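Novice: No letters, just coordinates:
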């Protein structure tokens, strides 16, 4: 029975432990992100004010840019196993500290918490694929990456789906402690994966400064026509997304009386949309690409 499941999932002999660890890691990261995003949005919208969202979008973009560049530079400067563990531990501790700080009831804490959760989401989304790329070669990636993606989607669906129940049972504030607990599990899984499957010869110590690393990345994008187009398209996509997200959040805020209600709605909404997206990508996208081509399919998506 187990062998049949492994064959169905295209998992070969000797890969079982790695697949289980990595799939659980993807699921825990996505589940935690779902609960954290929903809780941070609910607290910010109701306790600080939805009218401040445009300013927060600008701040989030600048913060994410700086942190992402620093993270990318750090990958080349430190041993990856330890670097990943430092990142996860720092995030878990930060969540616990910010949860405790909420007891002080300072208004500025909610924008800080919202920015923290958004920046963490970007880094964790990059981290899981960096880790997967470190333990899988090109042939394994073709077979196992879709499985890891599916595990992440399942984790996101579950994490979002239980947000409302957990918020009413434990309080919206305490969802950050659940997020920290999930990151604790991620820390254990990362340690197990890095100690058993990382290729030590791939790591090296970069002798250049952090600023040189950041500047090198910026210059590469600046001089590459392709990467400039990618950068501009990413900016335009972000503008489009936030243009839609702002009125959506404004309506949601006025539709529920408390944080648990808002967090629960975001959780249910994100759970449903994630599940629908997964089904569309699994059963519909490939048919569209086969019929009209990948380029035409991509051009059709904005419509």
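Specialist: Alright, I've got the coordinates. Computed from a predicted model, the values in this text were never measured in an experiment.
Novice: Contacts for the helix or strand residue 188 falls within next, please.
Specialist: Mapping residue 188 onto the secondary structure by DSSP states H and E places it in helix 175-197. If you take Cβ atoms under 8 Å, 6 or more residues apart in numbering as the criterion, helix 175-197 is touched by 17-18, 21-22, 24-25, 28-29, 31-33, 35-36, 38-40, 80-81, 84-85, 88-89, 91-93, 95-96, 98-99, 113, 131, 134-135, 163, 166-167, 170, 263. For the C-beta atoms, the positions are set from N, CA and C on the backbone; glycine is no exception.
Novice: Would you mind identifying the next helix or strand past the helix or strand of the chain with the lowest mean pLDDT?
Specialist: When the helices and strands of the chain are compared on mean pLDDT, DSSP states H and E, helix 2-8 comes out lowest with a mean of 62. Downstream of helix 2-8, the first helix or strand assigned by DSSP H and E is helix 16-44.
Novice: For that next one, which helices and strands make contact with it?
Specialist: helix 109-135, helix 138-161, helix 163-170, helix 175-197, helix 259-283 (3 or more Cβ pairs under 8 Å, 6 or more residues apart in numbering; DSSP states H and E).
Novice: Make JSON lines from those and add mean pLDDT, mean neighbour count and distance to residue 243 to it.
Specialist: Listed next are the helices and strands packed on helix 16-44 as JSON lines, based on pLDDT from 0 to 100; neighbours: other Cβ atoms under 10 Å; distance: least, Cβ to Cβ, whole Å:
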{"stretch": "helix 109-135", "mean pLDDT": "91", "mean neighbour count": "19", "distance to residue 243": "17"}
{"stretch": "helix 138-161", "mean pLDDT": "87", "mean neighbour count": "19", "distance to residue 243": "23"}
{"stretch": "helix 163-170", "mean pLDDT": "92", "mean neighbour count": "19", "distance to residue 243": "25"}
{"stretch": "helix 175-197", "mean pLDDT": "94", "mean neighbour count": "20", "distance to residue 243": "28"}
{"stretch": "helix 259-283", "mean pLDDT": "87", "mean neighbour count": "18", "distance to residue 243": "18"}
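Novice: ok, back up a step: now the buried members of the contacts of helix 175-197.
Specialist: Neighbour counting by 16 or more other Cβ atoms under 10 Å classes 18, 21-22, 24-25, 28-29, 31-33, 35-36, 38-40, 80-81, 84-85, 88, 91-92, 95-96, 98-99, 113, 131, 134-135, 163, 166-167, 263 among those as buried.
Novice: Residue 56 is in what secondary structure piece?
Specialist: Residue 56 is located in helix 53-75, with elements delineated by DSSP H and E.
Novice: now residue 257
Specialist: Using DSSP H and E, residue 257 falls within no helix or strand.
Novice: any idea how far it lies from residue 268?
Specialist: Residue 257 sits 16 Å away from residue 268, going by Cβ to Cβ, to the nearest Å.
Novice: do the same with residue 96
Specialist: According to Cβ to Cβ, residue 96 and residue 268 sit 27 Å apart.
Novice: what's the spacing between the longest helix seen in the chain and its chain's center?
Specialist: In terms of residue count, the longest helix belonging to the chain (DSSP state H) is helix 225-255. Remark: helix 225-255 is offset 17 Å from the chain centroid, using Cα atoms, centre = their mean, to the nearest Å.
Novice: pLDDT averaged over stretch 26-40 - what is it?
Specialist: Rounded to a whole number, the mean pLDDT of stretch 26-40 is 94.
Novice: One more: stretch 58-76?
Specialist: The average pLDDT within stretch 58-76 is 82.
Novice: Could you check it and say which residues are buried?
Specialist: 60, 63, 64, 69, 71, 73, 74, 75, 76.
Novice: again with stretch 230-244
Specialist: Within stretch 230-244, the residues that count as buried by 16+ other Cβ under 10 Å are residue 242.
Novice: Could you tell me the average pLDDT over it, please?
Specialist: The average pLDDT for stretch 230-244 rounds to 82.
Novice: And the contacts of it?
Specialist: Among residues not part of stretch 230-244, those counted as contacts by Cβ under 8 Å, 6+ apart are 54, 57, 61, 221.
Novice: For ChimeraX, what selects the buried ones among those residues?
Specialist: Those of the contacts of stretch 230-244 that count as buried under 16+ other Cβ under 10 Å are selected in ChimeraX with:
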select :57
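Novice: does residue 60 really touch residue 120, like I thought?
Specialist: No - the criterion here is Cβ atoms under 8 Å, and residue 60 misses it with residue 120 at 11.4 Å.
Novice: Verify the stated contact: residue 34 with residue 154.
Specialist: No - using Cβ under 8 Å, residue 34 makes no contact with residue 154, being 11.2 Å away.
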